[in-house]
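[1] quick one, fold the following:
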Amino acid sequence: MNLNGKFIAGTIASWIAIASIHYFQPFVDQSQKKTSDDDPCFSNPICRPKPSEAGLWGYIDPNGRTIIASRFNKAGQFSCGRSIVGPKNQCDGNHQQIIDKAGRVVNDRTFYCLGEFREGLAGCSRLNYSASEDFEKMAPHEAGVKLGNTYTFVDGDGNLLPFELKAFPSDFSHGKALVSFADKMVTLIHRDGSIIKNIENIYHNEGEWAYNRLPIKSADDPLNVKYGFIDENGNVVIPPTFAKARTFHDGLAAVELVSRTPTGQKEGWGFIDTKGVLKFRTKAASANDFSEGRLVFRNSSGYGFLDTSGHVVIQPNYQYAFSFHEGLASCRTKDDRSVYIDRQGKVQLEANYPYCSDFHEGLARIRTKEGLCGYINTQNKLVIRPEYTDGESFSEGLAAVKFVKRKWFFFFLNLPLGVG
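    Sure thing, here's the model as predicted:
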């Protein structure tokens, strides 16, 4: 066939596959951007980010750079320089590891449902998790690790402390924690395991230490459990007389009140001070916690806020409202606008997104109509593009994010080809 200046007659059917088209907008790995020579992480080859995997969790910094590549099924917030993650080869989400801020797995050990690190320690399993038959005995909702029916603590280097506990321990506060060595008794211990005080007829803690108070529940009557508070010396400072009790915030704790009649009927929620004095009651069916001197409440009109005296300071004019963090609260107006208000109820920011979370370390997570997450600052500027399918708040300079999972499409074109 002569190809000099002549065209091939007819049409040649040509099938062309177009691949690697993303379902969402393409992910741009911020870690590939040029970085400053004085950046201590990027000047260190050990902690330089590796390529990320789509559909898994990793960590970014406030500039949107990938610091820890996405390779986890689950990822939590950093505390004490450590975070709890789920390895990608474990699908149940309950097998967990400890990583440092460079993404290195600490001590190459896997746990089951670790607690959070507080004062450098976290609740965990006393035994190795490898005995598969033990998993059948575990409750998935347990906050810590339960293997061989014992708990203990793990330090930031992945070392288990030589305790053998019957129940998941409280967090350490000022070097003390409440643990359970025996039934119907709890023990206040130091970090080295030395006993401060045994407290009988107490089941265990039901919250966190705050204002030198820890919620506990009594073991006097298993069918009629009551809640109270102890101090850091193990003394019962607020007797267990409540149907429920929450952790203290802003000097107040939410408690579910009980009548003094023989039937002990529940009488709704109220708030007590650290001496156990009832400051005010609420009509709410459940209770939130105070944050920055304000309490979210809901009535038939909508969501509003109370002050620590129980007075309405921000009228219930919102579809929903979150607690205050860093001076701002995310609210949704009745005309479907996302706004941030200050403690006086004045609108400070109007964020044009369907969902806006609390501010942490100056950044708040937002979600677009397409379901992607990004982050804005307190000037309402989008500083991290919405290119993640999920995300957590910033903590210790890092935020866990879930990278977009790619979807592949193929289509074919029938094109006429000519050669001249």
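
[2] in the stretch 101-250 of the chain, where is pLDDT below threshold?
    Across the stretch 101-250 of the chain, the ranges flagged by pLDDT under 70 are 112-113, 125-149, 205-206, 222.

[3] who's H95 bridged to?
    Judged by DSSP bridges, the bridge partners of H95 are Y112.

[4] thought it was touching G86?
    Yes: here H95 reaches G86: they are 6.4 Å apart, a contact under CB atoms under 8 Å. Where C-beta positions appear, they are placed from N, C-alpha and C, glycine not excepted.

[5] show me the contacts for the spatially closest residue to S323 that is not a sequence neighbour.
    Of all residues not flanking S323 in the chain, S291 sits nearest, at 4.0 Å (CB to CB, 6 or more residues apart in numbering). S291 sits next to H249, D250, S323, F324, H325 when contact means CB atoms under 8 Å, 6 or more residues apart in numbering.

[6] tell me, how many residues neighbour the second one?
    What it means is D250. The local packing of D250 (other CB atoms under 10 Å) involves 17 other residues.

[7] any idea how far it is from D273?
    10 Å (CB to CB, to the nearest Å).

[8] swap in the third one?
    S323 sits 20 Å away from D273 when distances are taken as CB to CB.

[9] same check on the fourth one?
    Taken as CB to CB, the spacing of F324 relative to D273 amounts to 20 Å.

[10] please apply the same query to the first one.
    In this structure, H249 lies at 12 Å from D273, with CB to CB as the measure.

[11] more neighbours, these two?
    For H249 versus D273, the count of surrounding residues by other CB under 10 Å is larger for H249: 21 against 15.

[12] list the contacts of that one.
    With contacts defined as CB under 8 Å, 6+ apart, the neighbours of H249 are A210, D289, F290, S291.

[13] could you pull out the helices for the stretch 51-200 of the chain?
    For the stretch 51-200 of the chain, helices defined by DSSP state H, counting those that start in this stretch do not occur.

[14] that one: strands as residue ranges?
    Using DSSP state E, counting those that start in this stretch, the strands of the stretch 51-200 of the chain run over 57-60, 66-75, 83-87, 95-99, 111-112, 121-125, 151-155, 176-182, 185-190, 195-200.

[15] need those strands in TSV (columns: distance to G302).
    Output for the strands of the stretch 51-200 of the chain, formatted as TSV (distance: least, CB to CB, whole Å):
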stretch	distance to G302
strand 57-60	35
strand 66-75	34
strand 83-87	36
strand 95-99	39
strand 111-112	42
strand 121-125	39
strand 151-155	43
strand 176-182	39
strand 185-190	42
strand 195-200	43
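
[16] helices or strands up against the helix or strand harbouring Q315?
    Assigned by DSSP states H and E, Q315 belongs to strand 312-321. If you count contacts as 3 or more CB pairs under 8 Å, 6 or more residues apart in numbering; DSSP states H and E, strand 312-321 packs onto strand 295-299, strand 302-306, strand 329-333.

[17] gap between it and the chain center?
    With CA atoms, centre = their mean, to the nearest Å as the basis, strand 312-321 stands 25 Å off its chain's centre.

[18] L382 against T368, yeah?
    No: L382 is beyond contact range of T368, at 10.1 Å (criterion: CB under 8 Å).

[19] what do those two both touch?
    Listed as contacting both L382 and T368 by CB under 8 Å, 6+ apart are G374.

[20] phi, psi of N212?
    As for N212, its main-chain torsions (degrees, to the nearest 10) stand at phi 60, psi 40.

[21] what's the end-to-end length of stretch 330-337?
    Taking CA to CA, to the nearest Å, stretch 330-337 runs 11 Å from one end to the other.

[22] for L121, see how far away the nearest residue to R118 once chain neighbours are set aside is.
    Nearest residue to R118, sequence neighbours excluded (CB to CB, 6+ apart): D171, at 3.9 Å. Per CB to CB, D171 is found 8 Å from L121.

[23] on that earlier part again, for the contacts of H249, give me TSV that also has distance to R82 and secondary structure.
    Below are the contacts of H249 laid out as TSV (distance: CB to CB, whole Å; DSSP: H, G, I helix; E, B strand; the rest coil):
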residue	distance to R82	secondary structure
A210	22	strand
D289	25	coil
F290	28	coil
S291	25	strand
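
[24] just the buried subset of those, please.
    A210, D289, F290, S291 (16 or more other CB atoms under 10 Å).

[25] just give the nearest non-adjacent residue to the first one, would you?
    When you say that, I think you mean A210. Closest residue to A210 apart from its sequence neighbours, by CB to CB, 6+ apart: F248 at 4.2 Å.

[26] G304 versus the one you found, what's the distance?
    F248 is 23 Å from G304, where distance means CB to CB.

[27] okay, the two: which has more neighbours?
    More crowded of F248 and G304, by other CB under 10 Å: F248, with 25 against 21.

[28] which residues touch that one?
    Shown in contact with F248 (CB under 8 Å, 6+ apart): A210, Y211, R213, T274.
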